[in-house]
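[1] Whatever this is, show me its structure:
(chains A and B)
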Amino acid sequence: MSAAVAARVAQKFGAENVATHAAELAAYEVDGMRPAAAVRVGSVEEIAELLRFAGAEKLAVIPCGGRTKLGIGAVPARYDIALDLSGMNRVLAYEPRDLTLGVEPGARISDLWGVLGCEGQWLPVIDAFGDRSTIGGVLAADSASPLRHGFGGPRDFTLGMEFVTGYGAIAKSGGRVVKNVTGYDMHKVLIGSLGTLGVITRANFKTFPWPPARDVFVAHFESCVGAMDFCKAVQKSPLEPRLVEVISPEAERLISASAKTPQPLNAKGWSVIIGVTAHRRVVERHARELKELASQNKAREFVRIGGDDQSEILNAACTVPSFILAADLGAVIFRIAAVPAVMAALAGRLAKVASDAEIQYATLLRPHGLVYFALLPNSKPPADVSRAALEVFRSVEEMGAKARIEFAPVELKRTVSVWGTARQDFELMRRVKNIFDPGNVLSPGRFAGGI
Amino acid sequence: MELRIIRELEKLLGREAVLSSKEDLQLYEYDGSVEQARPECVVFPRTTEDVAGVARISARNKVPMVGRGAGTGLSGGALAPQGGILTVFSRMNRILEIDAENLRAVVQPGVVNLDVTRAVEHLGLYFAPDPSSQKACTIGGNVSENAGGPHTLAYGVTTNHVTGLQLVMPDGEVVRVGGKTCETPGYDLTGLMVGSEGTLALVTEVTVRLSRKPEAVKTLLAVYDRVEDAPETVADMTGRAITPAACEMLDGWTLRAVEDFVHAGFPMDSAAVLLIEVEGLTEAVEEQAALIMEICRTHNAREVRLARDGSERDLLWKGRKNAFGAVGRLSPSYYVQDAVIPRTKLPETLRKINEIGERYGFQIGNIFHAGDGNLHPIIMFDERDKEQFERAVAASGEIMRHCISAGGALTGEHGVGMEKNELMPLMFSETDIELMGRVREAFNPEGWLNPGKILPMGKGCGEVRIPVGGAKALGTL
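    Have a look, this model is predicted:
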């Protein structure tokens, strides 16, 4: 984009709202690409106007909030304007007695927890990047919080959305009541769309009551198989844990290295972290029966976590990707959807792929259906890392699971498709893109199949 | 329909799988709604390839194609208002796989909802969405309508329990979206398809999430002498963040109609009852039940009865789930709405409905999913009396407008279909509807798949028509 166009953007949206200097723009880089301007928008109408302007000028726009997840997705094909939503951070409607909330996309998760906490409620969203993450980013990236185990993901508690399409139309889908089947659920496709379909300008959620009591337990196992057998036993029991996270010894070492080490994560084996939120009597029953199940499944140790360690360990469990990136900026982090039955075998196979390539690795299993696997190449030649990454994709596919790379250095993203091989439903996805953003204004190239 | 097309269908599926005589077609001109529309031919495919073949014939000959499960839908979704081929999935009724370890089942669309639970209950599992028609309605229909039911209060509607679909596109292409895994990289096409009322693709295979049966269940019946105390109880429960597994309300008139028919044990002299169920671990259920009983009493419940055993519980639910049938015995015609309101607005909305009923001279029964604000006011009228019919339509419109103005939605679980499509502008702007039209066009470009549903056609749509009035949407996000 020429300096002239940048000047027009500044003129149109007010110089005070538009950054055009290199130093300011560095913060908006995506995969090393720097936009010519960053526009801090304050209203839905401004967003619509900006997108119409960009469409007419054939400019590419990437929406952002806390800018913690801009590295997710493929390298953009073009990038001219950063659309900064961090100033649109108001709570638009909160009805504690209805357990519903409507917010702007720039609202930070931590701030929302504060607002909801005053009414004894919360939203089961935790992001790997903690305080800086915004709700718009969590939705656009469909952030995988371990709380999905007990509460489902954003698609399960998002009631409706307002958004601006790539061609600048202000539209909505869903509503603000907890049950609603009126019209197409268009907001479902915006969740996880990485800003390629529309700019989310409002999201409505179902909120949740803050539980009367909570507790955290950690069980240590010799092997991944042992840890997963324990998880299966828990799943088959009547118990209702809200969070279950299985951490490999390698992942524990990274957590220990980069933060105040939560004592129970001692990197001596595979750890299963279990979070329970319920009435006190229910929590106590979990304490008893989890201990029993751990013992039946040959746990080396079963610990009930108390006091400050509880928050620290939960925080560690929820933010593992950020620990991995802190340990190795060149890390290649895969997000793999897998059924529980194959998880242990998959973890073993991926470990072998990494070992064969002489690359360090770390694994995190969420028995509700997700595996995080990271290659930690340190100073390995990029070609070796790319080969190993392709091998990971192949292995995952052979085991009936579905992988994508969530974080990787741009060099690798230029050689390996972060979305894996194109699937049969890609043509339908392309049609969806054409509905919402026919001019390919929004985040071009970041999505699957080059969308 | 041209005989040539019928012959083509017979060649594809066999003569026994195609109906085209007037007498046969008459059976398919109704569903559970008040709408009526006769298809030109009915086919019974057995395989996905059969469905793809029918789609190709429909596309090639430019005739509409409409999917149908058991025909229990309440918004005309499974009717063929523009004629064409009605594709009935009753012969695609096999459970293809039960994967208990991963809590999944793969089923054909014609499998009856309750049969999924029956097939897995020996494993301690069940399929959570439980529409009142669950003994008859099919999974394909549930997916199309994003069906709900009483227990969706705690467990969510169909979309929360479907992870993958096999689709037949209107041109006959077969595509899989999602799968057994909890997510699939890319856009959430499964989420878009569920609830699209058969207007984007036909579903030929469904991967559903199975749930573990709760350890303990308690069913409570709270009995009230004043109708307004029941919604106040619900609002208070919600406000105190208590979410039972189900929370249903029946007003006095409706419960008497039900009791006469089902003998469920509802007290005939009461003004309203709440049927509340709590599920989960024994300790949690005990605590929740005690708390709920206390709240009911605070709001003047004259009695809070705990179902003694499974059979008493089943009987109470039988009363609830057969309510519409009971009402049907009392009135020549009745019209059930499906609006949703924010739960705190329940007391005032019920007062408003009562006031509207009195003003228009109708008995309006109320039986609904109180816990999630999903109303089902039942207006009883005689459609043979034109003046009465007009009044029923006007009363219905006023109720719907009130609900939307209160921040509600047109339909909580019955779908838009051909019954409420002309009402969409009450809730959505022109831009919203235009975008939905683009969604439909992208998947169903020629419009042959289930035409005349969801989106307004700009003309009267059926037996019960509610004037939309001004162009401005009443609904806000």
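[2] Assign the nearest residue to B:Pro109 once chain neighbours are set aside to one of the three secondary structure states.
    Excluding the flanking residues, the one nearest B:Pro109 by C-beta to C-beta, 6 or more residues apart in numbering or on different chains is B:Gly140, at 2.6 Å. Every C-beta, even on glycine, is put in place using the N, C-alpha and C of the backbone. The three-state label given to B:Gly140 by DSSP: H, G, I helix; E, B strand; the rest coil is helix.
[3] B:Gly140 and chain A, how far apart?
    For B:Gly140, the distance to chain A (C-beta to the nearest C-beta, to the nearest Å) stands at 16 Å.
[4] what stretches of the chain score poorly on pLDDT?
    Using chain A. A:1-2, A:258-264, A:266-267 (pLDDT under 70).
[5] nope, chain B please
    Checking chain B against pLDDT under 70 turns up B:458-476.
[6] correct me, but the residue nearest to B:Pro109 touches B:Thr72?
    No: with contact defined as C-beta atoms under 8 Å, B:Gly140 does not reach B:Thr72; the gap is 11.6 Å.
[7] Now find how far off-centre the host helix or strand of B:Leu350 is within its chain.
    Here B:Leu350, judged by DSSP states H and E, is contained in helix B:346-360. Taking the mean of its C-alpha atoms, helix B:346-360 sits 24 Å from the chain's own mean (C-alpha atoms, centre = their mean, to the nearest Å).
[8] what does stretch A:359-375 give?
    So, by C-alpha atoms, centre = their mean, the centroid of stretch A:359-375 is 14 Å from its chain's centroid.
[9] So for stretch A:150-170, first residue to last residue, what's the gap.
    34 Å (C-alpha to C-alpha, to the nearest Å).
[10] Heading C-terminal from the helix holding B:Leu350, find the next helix or strand.
    Downstream of helix B:346-360 (by DSSP H and E), the next one is strand B:364-369.
[11] Mind listing what's buried along that following strand?
    B:364-369 (16 or more other C-beta atoms under 10 Å in any protein chain shown).
[12] Show me where the stretch 351-477 of chain B has its strands.
    Ranges of strands in the stretch 351-477 of chain B, per DSSP state E, counting those that start in this stretch, are B:364-369, B:377-381.
[13] still on that earlier bit, so which of the buried residues of strand B:364-369 comes closest to A:Phe323?
    Of all the buried residues of strand B:364-369, A:Phe323 sits closest to B:His369, with 43.8 Å by C-beta to C-beta.
[14] shouldn't the closest one be in contact with B:Gly412?
    Yes: counting by C-beta under 8 Å, B:His369 does reach B:Gly412; the two are 7.2 Å apart.
[15] Between the two, which contacts overlap?
    Counting by C-beta atoms under 8 Å, 6 or more residues apart in numbering or on different chains, the common neighbours of B:His369 and B:Gly412 are A:179, B:148.
[16] Now name the helix or strand holding A:Gly160.
    Going by DSSP H and E, A:Gly160 is in strand A:158-165.
[17] Pairing partners for the following helix or strand past that strand, with directions?
    Going down the chain from strand A:158-165, the next helix or strand is strand A:170-174, by DSSP H and E. Using DSSP bridges, the strands paired with strand A:170-174 are strand A:158-165 (antiparallel).
[18] Chain A versus the residue nearest to B:Asn444 when sequence neighbours are not counted, what's the distance?
    Leaving out its chain neighbours, the residue that sits closest to B:Asn444 by C-beta to C-beta, 6+ apart is B:Pro170, at 5.0 Å. B:Pro170 is 12 Å from chain A, where distance means C-beta to the nearest C-beta.
[19] so B:Pro170, which of the three states?
    Relying on three-state DSSP, one would call B:Pro170 coil.
[20] Surely it and B:Arg56 touch.
    No: between B:Pro170 and B:Arg56 there is no contact under C-beta under 8 Å: 9.4 Å.
[21] Could you check which of these two has the larger neighbour count?
    Set side by side, B:Pro170 and B:Arg56 show more neighbours around B:Pro170, with 22 against 17, by other C-beta atoms under 10 Å in any protein chain shown.
[22] SS state for the residue nearest the centre of chain A?
    Note on chain A: the residue nearest the mean C-alpha position is A:Ser143, at 2.0 Å, using C-alpha atoms, centre = their mean. For A:Ser143, the secondary-structure state derived from three-state DSSP is coil.
[23] Please report the number of neighbouring residues for residue 18.
    Looking at chain A here, since you left the chain open. For A:Val18, using other C-beta under 10 Å, the count is 21.
[24] could you do chain B instead?
    Using other C-beta under 10 Å: B:Val18 sits among 21 other residues.
[25] try the one 5 residues further on
    B:Glu23: 7 surrounding residues under other C-beta under 10 Å.
[26] For chain A, see how far away it is.
    Taken as C-beta to the nearest C-beta, the span from B:Glu23 to chain A is 34 Å.
[27] Against chain B, how distant is the residue nearest to the residue nearest to the centre of chain A when sequence neighbours are not counted?
    Distance criterion C-beta to C-beta, 6+ apart; nearest residue to A:Ser143, sequence neighbours excluded, is A:Asp127 at 5.0 Å. According to C-beta to the nearest C-beta, A:Asp127 stands 16 Å off from chain B.
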